[in-house]
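Undergrad: fold the stuff below for me.
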Amino acid sequence: MSSSLQDPGLAALVRGFKGRRCLVVGDVMLDVFERGRAARLAPDAPAPVVTDVRTTSSPGGAANVAANLASLGAEVTVLSVVGDDPAGAELLGELEEMGVRTGCVLRVPGRATVVKRRLVADGAILARVDSGDKGPIGDATEEELAEKAKALVVEAGVVVVSDYSGGTLTQRVADVLGETGHGCVVLDSKDLLRLRWREGALAAATPNHLEAQEALGLDVERDPGRVDAGTVGKALRRETGAGALAVTLAEEGVAVVDESGVALIGGRRVADPDVNGAGDTFLAAFALSLGGGARPQVAARLGIEAASLAVARPGTAPVGVRELLQRLPEEDGGPERSLEEDLERVRGSGRKVVFTNGCFDLLHRGHLSLLREARTLGDMLVVGVNTDASARRVKGAGRPVTSQEDRVELLEALPCVDHVVLFEEDTPEALIRHIKPDLHVKGGDHAGDRLAEESVVRELGGEVVVLPLLPGRSASATIEQIRSADGANTNGSGKAVEARL
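TA: Predicted structure coming up:
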């Protein structure tokens, strides 16, 4: 097949990432970057003096895979092990902020979470300091992981195994994943033949060319352009029993080996690439594409596009679905599915439609929490948004402060939201009659109140669900604080001080 971006259906494939349920099994870690300037050498050692250091952290390893899957629109659960320590708490907190479910990550007392700390000066990595435990996790913890894997894999559309040889993925856990007969298990491993996999258990594996050569015991050729990736991939496919092997070749692209033969998918060259986490980004897009029914060659094409976005930015950072779509021709895949088409598709498969509504003026963390939780209750989330005129009637003069066009675009950018629909009325009753949701979700500030639309929801056979709100998060309160600050910063003539930021 052609490796061109003109292959039909790429954009439609990416849009289909939204809501796909993924399980990530593997070794999570915390990536820490200490970035500064180096203008001189130290007088007491042949080393640069780094100043103005700024420290940032982000999920790494399997956690970065999970972050990329979530950023691409998937619903992600992580199964892993961390220490019961501050680094573990920080890592899980960052994942939760991204909407990744971490309730199945085991926190083991006495174990240190893996941290990779990099010192970077003027864009160059001067040193990396690794810490944390990567040894055996113990029989009891291993058995708990295996039992959780057996239960979680049933609900997942895609299972991604990210093995950094850090203790999480044992033979017992691999056996459980293989025994389930799941059709889309994708393996990325630093040591691809470390574990035995049941024949046909793996839909695909994604080693880079160095890992692939090392796994076969070859003399390692570091230049990807000089590697016979097709021969290497064929040998590894036989050894692993995987349906496909995608051997990544850095800027040279990817060699895909499957039952149809070998296909080289050309890469993209990026100026001054930062390759930290690029393989995780490729893996996320590749696995989601396979889960959407794409052939391995097409999945690799999208993986390359996602990875090329990742290497163009510093550090470990996930790639979003909208920026990936911007890499694809607008005509690719045709127009997005309409609300009616999606409603018919979801209802026809016996799945649940969830609806919520509001003004969503000044989108904040409380909104995100509500929307993410609402999406987990069903298979499609439709958000009704008051028009500017409607919001003015409901909220009063001076509202909304954000136009309906901006509010809709911000909501549409959220991976957890499938469709956004404006409504002109004061209540969403007419919209609810059109959508006929299985669940109508409202925030906890409505607890105990009789919603105007509740009778319509029940008449249509639906259910009203009230979710708790995050304390201290309110658009109205934030707007009032801003207005109060404006009043405090005005001069006697009533004009805002021009120097105010």
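
Undergrad: give me the most central residue, this protein.
TA: In the chain, the C-alpha nearest the mean C-alpha coordinate belongs to residue 70, at 1.9 Å (CA atoms, centre = their mean).

Undergrad: confirm that one sits in a helix?
TA: Yes: counting by DSSP: H, G, I helix; E, B strand; the rest coil, one finds residue 70 located in a helix.

Undergrad: please look at it and residue 76 and confirm they touch.
TA: Yes: if you go by CB atoms under 8 Å, residue 70 and residue 76 touch, sitting 4.8 Å apart. From N, CA and C alone the C-beta is placed, and that goes for glycine too.

Undergrad: mutual contacts of those two, please.
TA: 99, 100 (CB atoms under 8 Å, 6 or more residues apart in numbering).

Undergrad: quick check: phi and psi at residue 252.
TA: As for residue 252, its main-chain torsions (degrees, to the nearest 10) stand at phi -80, psi -20.

Undergrad: any residues touching stretch 107-126, and which ones?
TA: So stretch 107-126 is contacted by 27-38, 47-48, 50, 60-61, 81-85, 87-88, 91, 127-134, 137-138, 141, 166, 272, 276, 314 (CB under 8 Å, 6+ apart).

Undergrad: one more time with 7 Å
TA: 27, 29-38, 48, 50, 60, 81-85, 87-88, 91, 127-134, 137, 141, 166 (CB atoms under 7 Å, 6 or more residues apart in numbering).

Undergrad: in the stretch 351-500 of the chain, where is pLDDT below threshold?
TA: Applying pLDDT under 70 to the stretch 351-500 of the chain picks out residues 445-451, 470-500.

Undergrad: what ranges do the helices span in it?
TA: In the stretch 351-500 of the chain, the helices defined using DSSP state H, counting those that start in this stretch lie at 365-376, 388-395, 404-412, 429-435, 454-459, 475-488.

Undergrad: with the stretch 151-300 of the chain instead?
TA: Using DSSP H, counting those that start in this stretch, helices in the stretch 151-300 of the chain cover 171-179, 209-215, 229-240, 278-291, 296-310.

Undergrad: what helices and strands are in contact with the shortest one?
TA: Taking 3 or more CB pairs under 7 Å, 6 or more residues apart in numbering; DSSP states H and E as the contact definition, the neighbouring helices and strands of helix 209-215 are helix 229-240, strand 244-248.

Undergrad: and the longest one, what does it pack onto?
TA: The one in question is helix 229-240. Judged by 3+ CB pairs under 7 Å, 6+ apart, helix 229-240 is in contact with helix 209-215, strand 244-248, strand 253-258.

Undergrad: just how off-centre is the last one within its chain?
TA: Between the mean C-alpha point of strand 253-258 and the mean C-alpha point of its chain there is a distance of 24 Å (CA atoms, centre = their mean, to the nearest Å).

Undergrad: got the CA positions of it in PDB?
TA: The C-alpha coordinates for strand 253-258 follow below in PDB (Å, rounded to 0.1, in the frame of the first residue of the first chain):
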ATOM      1  CA  GLY A 253      10.500   5.800   9.400                       C
ATOM      2  CA  VAL A 254       9.100   2.400  10.300                       C
ATOM      3  CA  ALA A 255       9.500  -1.100   8.800                       C
ATOM      4  CA  VAL A 256       6.200  -2.900   9.100                       C
ATOM      5  CA  VAL A 257       6.300  -6.700   8.900                       C
ATOM      6  CA  ASP A 258       3.100  -8.700   8.800                       C
END
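
Undergrad: buried stuff in that strand?
TA: Using 16 or more other CB atoms under 10 Å as the test for burial, strand 253-258 gives 253, 254, 255, 256, 257, 258.

Undergrad: go ahead and confirm the fourth one touches residue 244.
TA: Yes: in this structure, residue 256 sits in contact with residue 244. The criterion is CB atoms under 7 Å, and the distance is 6.3 Å.

Undergrad: common neighbours of these two, please.
TA: residue 296.

Undergrad: domain map for this protein?
TA: 10-36+52-326, 339-481 (automatic domain parsing).

Undergrad: among the contacts of stretch 107-126, which ones are in helices?
TA: Judged by DSSP state H, helices contain the following of the contacts of stretch 107-126: 87, 88, 91, 141.

Undergrad: let me know which of the domains of the chain is tucked in deepest.
TA: Among the domains of the chain, domain 10-36+52-326 has the highest mean neighbour count (mean count of other CB atoms under 10 Å), at a mean of 20.

Undergrad: got the end-to-end distance for that one?
TA: 11 Å (CA to CA, to the nearest Å).

Undergrad: kindly report the same for stretch 192-199.
TA: 15 Å.

Undergrad: what's in contact with it?
TA: By CB under 7 Å, 6+ apart, stretch 192-199 touches 165, 169, 171, 174, 178, 205, 207, 211, 215, 236, 239-241.

Undergrad: can we see that at 6 Å?
TA: For stretch 192-199, contacts defined as CB atoms under 6 Å, 6 or more residues apart in numbering pick out 171, 174, 178, 207, 215, 239, 240, 241.

Undergrad: between those residues, which is closest to residue 291?
TA: For those, the minimum distance to residue 291 (CB to CB) is 17.9 Å, reached by residue 178.

Undergrad: any idea how far the nearest residue to residue 468 once chain neighbours are set aside is from residue 362?
TA: Nearest non-adjacent residue to residue 468, counting by CB to CB, 6 or more residues apart in numbering: residue 444, 4.4 Å away. Separation of residue 444 from residue 362 (CB to CB, to the nearest Å) stands at 19 Å.

Undergrad: same question for residue 269.
TA: 41 Å.

Undergrad: same check, this time on residue 386
TA: Distance, residue 386 to residue 362, by CB to CB: 14 Å.
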